[in-house]
Structure formats: structure tokens, C-alpha cells
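Peer 1: Coordinates only, no sequence provided:
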């Protein structure tokens, strides 16, 4: 008799698990948005100042008039390292039409020298900017890296992604920028 009760309980648990899982499975099959655009009216991209390769100060506001992609990353970040080859390729391909700002979150163990060595060791040629004072990280309230922000020529945020972009998602963001006047 005890075995019958256990069997009934097991059947009830299996039916309950299936009932809970079925709606989730249907939801997972629906296409999900890849990149998150700003909601509501255009949001101006916050300005920030970082350091270039020569130690000079560069601000985002000095880049108006051309689309800008800002990518905040670090050498110790696995997802950042995974997406960097795609950024290298895109920066070379679109250098005449989009400004790429690859902003390294340079603090603590992440130094200008470790970043320079990383760039050289990996053959990356895109320009790197150093956020030694966390100006960019604070301006974009960075809660996770990589973080990528697509900014139109008027200085408005078009798309923002926290987390790694696939090559297709990066291209989707580029296409969105290039489609804007």
C-alpha cells in the first residue's frame, strides 16, 4: 500500500513539473530581442573623458557628427576577450563611417602597461582609451562588462548592451547606426 501512495505522489510531481515547464518552453521558443534600445524619447549619451595612447585626454563630446560605438572592457574579462576579434574586424571595416571607442576599465590590476601588452600579444590595432578615473564607467553606470553603447551622430543612445555581443548582434547595432541620418 505504501508503494501505491509513493507511485501516486511521483505521478503528481511529474504532471506538476510538466505543467510548470510547458509554458516556459513555449516562451523560450519565441524570438527575444538581441539588443536593448532606449525606451521613450531619445536619450543623450553622457559625456566622459578618458586617456588616449599618448596620455592625452579625450572626451566623448569631441566626437559628435559621426556615429560612435563605445565598448567598455577589461583584459581579465572572458566575454570581453571573446568579442574583441569582432570589434577588431568591424573597426577596420567601418573606420571611415563609425568611430570606435574601445574603453578599457583601467584600475587595480588592470594597468596601461598590461593593456598595451595584451593588445600587442593579440595583434589588436584598434585604438584603446584608458578609463583610469572611471569617468566612462560612472557615466554609463556600468554594472557588468563588456558593455557596448551605440550612439548616433546627434549624440543619442541608439542601443546599449550589457554583456557580450555576438558578431551578428554587433553587425545589427552597426546597421542600426548607419541607417540613421
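Peer 2: Everything's here; your move. It should be emphasised that the depicted structure is a prediction, and the values quoted were computed from it without experimental measurement. Residues are numbered from 1 along each chain as shown.
Peer 1: Helix or strand: which one has residue 148?
Peer 2: Here residue 148, judged by DSSP states H and E, is contained in strand 147-151.
Peer 1: packing partners for that strand?
Peer 2: For strand 147-151, the elements it packs on are strand 68-73, strand 156-162, helix 167-178, judged by 3 or more Cβ pairs under 8 Å, 6 or more residues apart in numbering; DSSP states H and E. In this view, the C-beta of every residue, glycine as well, is placed from N, C-alpha and C.
Peer 1: Using CSV, lay out the ones you listed together with distance to residue 82 and mean neighbour count.
Peer 2: Listed next are the helices and strands packed on strand 147-151 as CSV, based on distance: least, Cβ to Cβ, whole Å; neighbours: other Cβ atoms under 10 Å:
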stretch, distance to residue 82, mean neighbour count
strand 68-73, 10, 24
strand 156-162, 14, 19
helix 167-178, 10, 16
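Peer 1: Quick one, which of those gets closest to residue 96.
Peer 2: Closest approach to residue 96 among the helices and strands packed on strand 147-151 is made by helix 167-178 (11.4 Å; Cβ to Cβ).
Peer 1: how far is the closest one from where the chain is centred?
Peer 2: Centre-to-centre, helix 167-178 and its host chain are 12 Å apart (Cα atoms, centre = their mean, to the nearest Å).
Peer 1: mind listing the strands for this protein?
Peer 2: Under the criterion DSSP state E, the chain contains strands at 43-44, 49-51, 57-59, 68-73, 99-104, 128-130, 147-151, 156-162.
Peer 1: Summarise which helices and strands the second one is packed against.
Peer 2: If you count contacts as 3+ Cβ pairs under 8 Å, 6+ apart, strand 49-51 packs onto strand 57-59, strand 128-130, helix 135-139.
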